[in-house]
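Asker: take a look and give me a structure for this.
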Amino acid sequence: QVQLVESGGGLVQAGGSLRLSCEASGLTFSTYDMSWFRQAPGKEREFVAAIRSSGGTTYYLDSVKGRFTISRDSAKNTVYLQMNSLKPEDTAVYYCASRSLAAVAPLQTAYGYEYWGQGTQVTVSS
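Answerer: The predicted structure follows:
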């Protein structure tokens, strides 16, 4: 049984930082691309960041480039999202997702991701 368990969300003031973690179990972590998506109230789920299975290539939503960093630790089967200089518009539920190397859809689309976490709330106050 595959599980993705997020943690690290919370309430932070604008300009602050948070680090999200997503621990994966039940899958061969090294063969999965890992991503973070987010969904704000009344909005569609949007791509935030992705990291290839090898850990060598990363992708970011334009509005988070330079502020967010995605990384992975294969020894811990965990992917991280370091979020700095947070803004109120970053407020959302953040989801971890994984997809196998066989997936052909663009990384930035939710379609094609096989497994999702339950989400963790991030709230940035102004």
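Asker: what strand or helix carries the residue nearest the centre of the chain?
Answerer: In the chain, the residue lying closest to the centroid (C-alpha atoms, centre = their mean) is Trp36, at 1.9 Å. Using DSSP states H and E, Trp36 sits in strand 32-39.
Asker: in stretch 19-27, what counts as buried?
Answerer: Residues of stretch 19-27 classed as buried by neighbour count (16 or more other C-beta atoms under 10 Å): 20-24, 27. Yep, even glycine has a C-beta here, placed from its N, CA and C like the rest.
Asker: got the contact list for the closest residue to Glu114 other than its chain neighbours?
Answerer: Setting aside the residues directly before and after it, Glu114 is nearest to Arg99 in space (C-beta to C-beta, 6 or more residues apart in numbering), at 5.6 Å. By C-beta atoms under 8 Å, 6 or more residues apart in numbering, Arg99 lies in contact with 32-33, 35, 107, 112-115.
Asker: for Thr91, same thing?
Answerer: Thr91 sits in contact with 40, 122-124, where contact means C-beta under 8 Å, 6+ apart.
Asker: how far away is the nearest residue to Gly119 once chain neighbours are set aside from Asn77?
Answerer: What sits nearest to Gly119 in space, not counting adjacent residues and going by C-beta to C-beta, 6+ apart, is Val93, at 4.2 Å. Per C-beta to C-beta, to the nearest Å, Val93 is found 22 Å from Asn77.
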